[in-house]
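Chemist: Build me a model:
(chains A and B)
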Amino acid sequence: EAGVAQSPRYKIIEKRQSVAFWCNPISGHATLYWYQQILGQGPKLLIQFQNNGVVDDSQLPKDRFSAERLKGVDSTLKIQPAKLEDSAVYLCASSLGGTDTQYFGPGTRLTVL
Amino acid sequence: GEDVEQSLFLSVREGDSSVINCTYTDSSSTYLYWYKQEPGAGLQLLTYIFSNMDMKQDQRLTVLLNKKDKHLSLRIADTQTGDSAIYFCAVTNDYKLSFGAGTTVTVRA
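Modeler: Here you go, the predicted structure:
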């Protein structure tokens, strides 16, 4: 069974630029999550989707971050404009349902200069 | 929100047992997880325990849960160099998963 796929694996941008990350969850998983992991910390949930609807985006900085999950499968997370403090690993995870075990992708490491 | 605390570092000799500890605040947590993160990689699910269990064993891994003290531990028997990684404790609160800051385990020869 293929795992959660993410791209790109690494991205370096300058502050005020925009960037987008892509995630393809495990086939059949209805729930998709985006996490931000700052160096030395545990992952922090940014947004959770159930199919193509948002369940929780309370921790998403909506002035600069946006995410969508069209057709309830793939998802993209966008940052516009990026700030230095956005440097982190962005992890995508998926699960069968909202209370099921979450499986993580390899992450995208973002460096903002 | 849920607070999850872990010690930051653990150094262990190859072949010895490792014990990683975690404490949490929300007594209603239903599932408690251990994830492993190797350098440059995502989080790999190691094992989990349901809140009505005290212990779960899976090959070299043993999870102990003390609900009264809100304490979770992961024991790795016969620790190998490949076990060097960051280990995250995570607990559920409704549908949310709250993570500790991770314990960096270093295995020395």
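
Chemist: what's the burial count for B:V12?
Modeler: 18 (other CB atoms under 10 Å in any protein chain shown). (C-beta placed from N, C-alpha, C; glycine too.)

Chemist: go on, A:V54?
Modeler: 13.

Chemist: That one touches A:I47, doesn't it?
Modeler: Yes: if you go by CB atoms under 8 Å, A:V54 and A:I47 touch, sitting 6.5 Å apart.

Chemist: of all of chain B, which residue lies closest to chain A?
Modeler: Taking CB to the nearest CB as the measure, the point where chain B comes nearest chain A is B:F99, at 3.1 Å.

Chemist: how far away is that residue from B:W34?
Modeler: 11 Å (CB to CB, to the nearest Å).

Chemist: Now do the shared contacts for the two.
Modeler: With contacts defined as CB atoms under 8 Å, 6 or more residues apart in numbering or on different chains, the residues shared by B:F99 and B:W34 are B:F88, B:C89, B:A90.

Chemist: if we look at chain A, which of the residues you listed are close to it?
Modeler: For chain A, the contacts drawn from the shared contacts of B:F99 and B:W34 by CB under 8 Å from any CB of the partner chain are B:F88, B:A90.

Chemist: Identify those among the shared contacts of B:F99 and B:W34 that sit within strands.
Modeler: Among the shared contacts of B:F99 and B:W34, the members found in strands (DSSP state E) are B:F88, B:C89, B:A90.

Chemist: List the beta-bridge partners for the second one.
Modeler: In this case it means B:C89. B:W34 (DSSP bridges).

Chemist: you'd agree it is up against B:K36?
Modeler: No: look at B:C89 against B:K36 with CB under 8 Å: they stay out of range, at 11.2 Å.

Chemist: Compare neighbour counts for those two and give me the winner.
Modeler: B:C89 (26 against 19).

Chemist: Quick one: name the residues of chain A near chain B.
Modeler: So chain A meets chain B at A:4, A:6, A:40-45, A:48, A:55-56, A:91, A:93, A:98-99, A:101-107, A:109 (CB under 8 Å from any CB).
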